[in-house]
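A.B. asks: below is the sequence, then the predicted model.
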Amino acid sequence: MALSIKIIGVSNIMVGLLTIIISFPLVANKVPMNRIYGIRFEQSFESQEKWVEINRYGGSQMMGWSIPLILLGVAPFFLPLARRSLWIAVLFLAPLIYLIPVLISYFYAKHL
C-alpha cells in the first residue's frame, strides 16, 4: 500500500507543477481573450481590461494554491505513514484544493 500512496503523491506533484506551468501565461498576460483557455467567468468577457485583470488574479491564485498540493504530494516520501488509509484519502482528494482559488477568483471577478 505504501507504493500506492507514493504514486498518488507523485500524481499530486505533477498536477501542481502542470497547473503552475499552465497558469504562468495567464499571470504574464500572454493569453488573449478567447473561449478555450483562461479564467472564463462571465465578467472576464466584459472588456479587455477585465480579461487581463481577472486572468492575472486567477492565474496567480492557481499558482499559489499549487504549492500546498505539491507539498502534500511530497509529504508521503518524508513523513511516517502510520494511518495509510487516511493518507490515501487525503492525497486522493487533494486536487480538490483548486476549488478554493476558483471560488476566490469568482468572487474577485464579481466585485471587480
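C.D. replies: The structure has been received and is ready for your questions.
A.B. asks: the longest helix anywhere in the chain - contacts with which helices or strands?
C.D. replies: The longest helix of the chain (DSSP state H) is helix 48-78. The elements that helix 48-78 packs onto, with contact taken as 3 or more CB pairs under 8 Å, 6 or more residues apart in numbering; DSSP states H and E, are helix 2-27, helix 84-93, helix 99-110. Just so you know, the C-beta spots here come from the backbone N, C-alpha and C atoms, and that holds for glycine as well.
A.B. asks: the closest residue to residue 75 other than its chain neighbours: neighbouring residues, count only.
C.D. replies: Of all residues not flanking residue 75 in the chain, residue 9 sits nearest, at 7.0 Å (CB to CB, 6 or more residues apart in numbering). Residues lying near residue 9 (other CB atoms under 10 Å) number 20.
A.B. asks: how near is residue 21 to residue 106?
C.D. replies: Residue 21 sits 23 Å away from residue 106, going by CB to CB, to the nearest Å.
A.B. asks: kindly report the same for residue 62.
C.D. replies: The gap separating residue 62 from residue 106 is 12 Å, by CB to CB.
A.B. asks: and if you look at residue 53?
C.D. replies: Distance of residue 53 to residue 106, computed by CB to CB: 14 Å.
A.B. asks: residue 21 and residue 106 - which one has more neighbours?
C.D. replies: The neighbour count for residue 21 versus residue 106, taken as other CB under 10 Å, is higher for residue 106 (16 against 11).
A.B. asks: contacts for the worst-scoring helix or strand of the chain on mean pLDDT?
C.D. replies: Ranked by mean pLDDT, DSSP states H and E, the weakest helix or strand in the chain is helix 84-93, scoring a mean of 86. Contact partners of helix 84-93, identified using CB atoms under 8 Å, 6 or more residues apart in numbering, comprise 1-2, 4-5, 8-9, 12, 72-73, 76, 81.
A.B. asks: fine, thanks again, bye for now.
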